[in-house]
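Participant: Output the structure for:
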Amino acid sequence: MKKYLPILLLAFVSLFIFSCNDDDNVVRDGDTYSKMRDVSGSFTNSNGYSFTVPISIENTDVVLVYRRDPAASNAWQLIPKTYFLSGGRELDYNALFDSQNVEIYTEANFDQTTMSSSEVSQYLTNQTFRVVLVPASPAKGVSAVDTSDYNAVVKYYNLDESKIKTIKVN
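Facilitator: Here you go, the predicted model:
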């Protein structure tokens, strides 16, 4: 019996060693993990005020989309975002995503073809968005990062802005 005691003790300890996993905060590298890309394009009547960006992520991963603030070149605003124009008009930036595509689009409570040339220039022409693909765990119930703060997301996921790929649509 004395010979079996060390083996049983070793088996018992190894059970706990292999059953513990502390990878909740690991940012994974590879094709489907944290990365960013810039997308620029114009929203027009001919493209239905939307464009699609191809991606490849897991079903549990998350896509965050930020719009570059034209007034400040290094400021990013998380979308969805509503802009209140004159005359009670509202222009919304939105995004939809699945595991293969991100659609970025505008919606309005008015006909967007009636926008003034300065509004078109400010809100529809040559818009730049940053698409951030981040890993998510279905077991996580609460986000550990404030996704509305672009800089907090970059820091939390240790994203390298110098490696951003830019995609030009339309």
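
Participant: tell me the contacts of L64?
Facilitator: 78, 131-132, 134, 147, 153 (C-beta atoms under 8 Å, 6 or more residues apart in numbering). All C-beta atoms are positioned from the backbone trio N, CA, C, and that covers glycine.

Participant: if I look at it, how far off is R37?
Facilitator: As for L64, its distance to R37 is 12 Å (criterion: C-beta to C-beta, to the nearest Å).

Participant: any idea which element R67 lies in?
Facilitator: Assessed by DSSP states H and E, R67 sits inside strand 62-68.

Participant: Quick check: can you name the pairing partners of that strand and their directions?
Facilitator: On the basis of DSSP bridges, the sheet neighbours of strand 62-68 come out as strand 76-78 (antiparallel), strand 127-134 (antiparallel).

Participant: Show the average pLDDT along it.
Facilitator: For strand 62-68, mean pLDDT is 93.

Participant: Quick one: the helices in this structure, in order.
Facilitator: The residue ranges that make up the helices of the chain, judged by DSSP state H, are 4-19, 117-123, 150-156.

Participant: quick revisit: out of the strands paired with strand 62-68, indicate the one that is most buried.
Facilitator: Scoring the strands paired with strand 62-68 by mean neighbour count under mean count of other C-beta atoms under 10 Å gives strand 127-134 as the most buried, with a mean of 21.

Participant: Do I have it right that I167 meets I55?
Facilitator: No - proximity of I167 to I55 does not meet the contact threshold set by C-beta atoms under 8 Å, at 10.3 Å.

Participant: Tell me which of those two has more neighbours.
Facilitator: Ranked by neighbour count (other C-beta atoms under 10 Å), I167 and I55 place I55 first, with 18 against 14.

Participant: Wait, that one touches V132, no?
Facilitator: No - the pair I55 and V132 does not pass the contact test of C-beta under 8 Å, sitting 10.7 Å apart.

Participant: Any idea what the residue sitting nearest the centre point of the chain is bridged to?
Facilitator: Within the chain, one residue has its C-alpha closest to the average C-alpha position: by C-alpha atoms, centre = their mean, that is L64, at 1.9 Å. L64 has the following beta-bridge partners by DSSP bridges: V132.

Participant: low pLDDT regions in this structure?
Facilitator: Applying pLDDT under 70 to the chain flags the ranges 1-34, 73, 136-143, 165, 170.

Participant: which stretches of it form strands?
Facilitator: Applying DSSP state E to the chain gives strands spanning 35-41, 50-54, 62-68, 76-78, 81-84, 90-97, 101-108, 127-134, 165-168.
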